[in-house]
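J.: From the sequence below, what's the structure:
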Amino acid sequence: MNVSLRQLRVFLAVSRLRHFGRAAEQLHLTQPAISRHIADLEAELGVRLLDRSTREVVPTEPGRYLHSAVERVLDELENVLAHVRTEGEGRRGTVRVAAAPTPSASLMPRCIAECARDYPELTLHLRDQPQTQVLDSVRGGEVDFGVAIDPPDNREFDKKIILHDPFVLVCRNDHPLARLDRVPWKKLHGETVVLLDYSSGSRRLIDRILEERGITVHVAQQTSHTHTAFRLVEAGIGCSITPALSLPVSDDLSVRPLTPTSKRAITLIRRKHRSLSPAAEQVWNHLCDMTARLNPTSRLR
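T.: Reported below is the predicted structural model:
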């Protein structure tokens, strides 16, 4: 059976308005076009749908049944198409993002809140994971994309750097280095430090910076979380090298820029040659726009 949506919409308009001319005006068609669509529909169904007279158009019994049924079906179709359209625009759907601890704590809460405000029909699930697990989650397709720290340069991922985050020194207020406005990296030579362990994407970067500058430090403790590192610094175990995005909130600690500035790249990653869903693309772009407005160094004090 070759019945078109246009024919059904024309029939509903004529049946509802009881007039070919008014239906033509409503649908922005010519009256001959309206007549042709009705004639083609009746020919295809093999039944008369409308009784015409010089004064009005009245649906026949089959026409009244068709009007009632098609009106319901087209309403449902409109709802389906509207749903598909909103999904296609990234307004609806579920998005799963894996993020390393610092981006999870510093960037993702704001992203989740803004997406909940701007796209209330979009559900965003966050996986707060060590860097190695973020890479595995993206690689295995368990999440739509990840937020990683300077991920390895390989062919598994499509990557986009969204933020450059400088490393800073955190020490107690009574530490000699706290007296400086800016701390040269070479001043760390021989210092006792508390660093993140190798589950963090930042640790290998810090080791590389120290090695390149010929700086030797005594690593007293290694932790998985910056919060633990800061508590150890407060306890007098040593100072710490940390990204600016993870700065502590404590009156007992001082934060100083390290010179020359060395930064890590906060990077969005997704599987190579795999398209994101419209909803995931929306969150990806939102993170790009949001971080473009951020300045990590503005948090230094």
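
J.: could you say what helices and strands the helix ranked longest in the chain packs with?
T.: If you go by DSSP state H, the chain has its longest helix at helix 61-88. Contact here means 3 or more C-beta pairs under 8 Å, 6 or more residues apart in numbering; DSSP states H and E; on that basis helix 61-88 packs against helix 5-17, helix 278-292. All C-beta spots, glycine's among them, are computed from the backbone N, C-alpha and C.

J.: and the angle from the next helix or strand after that helix to helix 278-292?
T.: Sequence order places strand 93-99 as the next helix or strand after helix 61-88, per DSSP states H and E. Between strand 93-99 and helix 278-292, the angle comes out at 50 degrees (axes from the mean of the first three to the mean of the last three C-alpha atoms, to 10 degrees).

J.: How far off centre is strand 93-99?
T.: 7 Å (C-alpha atoms, centre = their mean, to the nearest Å).

J.: Give the closest residue to residue 71 in space, chain neighbours not counted.
T.: residue 12 (6.2 Å; C-beta to C-beta, 6 or more residues apart in numbering).

J.: Against residue 11, how distant is residue 240?
T.: 75 Å (C-beta to C-beta, to the nearest Å).

J.: Break down the stretch 151-300 of the chain into its strands, ranges please.
T.: 157-172, 183-184, 192-196, 218-223, 239-243, 253-259, 263-271 (DSSP state E, counting those that start in this stretch).

J.: Name the residues that touch the last one?
T.: The list of residues contacting strand 263-271 from outside it, by C-beta atoms under 8 Å, 6 or more residues apart in numbering, reads 103, 107, 134-135, 138-139, 141, 144-151, 156-167, 201-202, 205, 243, 245, 276, 284, 287-288, 291.

J.: Give me the PyMOL select line for these, limited to the buried ones.
T.: The PyMOL command for the buried members of those (criterion: 16 or more other C-beta atoms under 10 Å) is given here:
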select buried, resi 103+107+134+135+138+139+144+145+146+147+148+149+150+151+157+159+162+163+165+166+167+201+202+205+243+245+276+284+287+291
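
J.: what residue ranges in the stretch 151-300 of the chain score low on pLDDT?
T.: Low-confidence segments of the stretch 151-300 of the chain (pLDDT under 70): 248-249, 295-300.

J.: Contacts only, for the nearest residue to residue 27 once chain neighbours are set aside.
T.: Spatial nearest neighbour of residue 27, chain neighbours left out: residue 13 (5.6 Å); criterion: C-beta to C-beta, 6+ apart. For residue 13, the contact set (C-beta under 8 Å, 6+ apart) comprises 23, 26, 27, 34.

J.: What's the per-residue pLDDT of residue 13 here?
T.: Residue 13 is assigned a pLDDT of 89 by the prediction.

J.: For it, give its distance to residue 243.
T.: 63 Å.

J.: now swap in residue 147 and tell me
T.: Shown here: residue 147 relative to residue 243, a distance of 13 Å by C-beta to C-beta.

J.: ditto for residue 78
T.: 50 Å.

J.: List the contacts of the closest residue in space to residue 118 that isn't next to it in sequence.
T.: Spatial nearest neighbour of residue 118, chain neighbours left out: residue 286 (7.7 Å); criterion: C-beta to C-beta, 6+ apart. Residue 286 is in contact with 111, 114, 115, 118, counting by C-beta under 8 Å, 6+ apart.

J.: swap in residue 292?
T.: So, once contact is read as C-beta under 8 Å, 6+ apart, residue 292 ends up touching residue 162.
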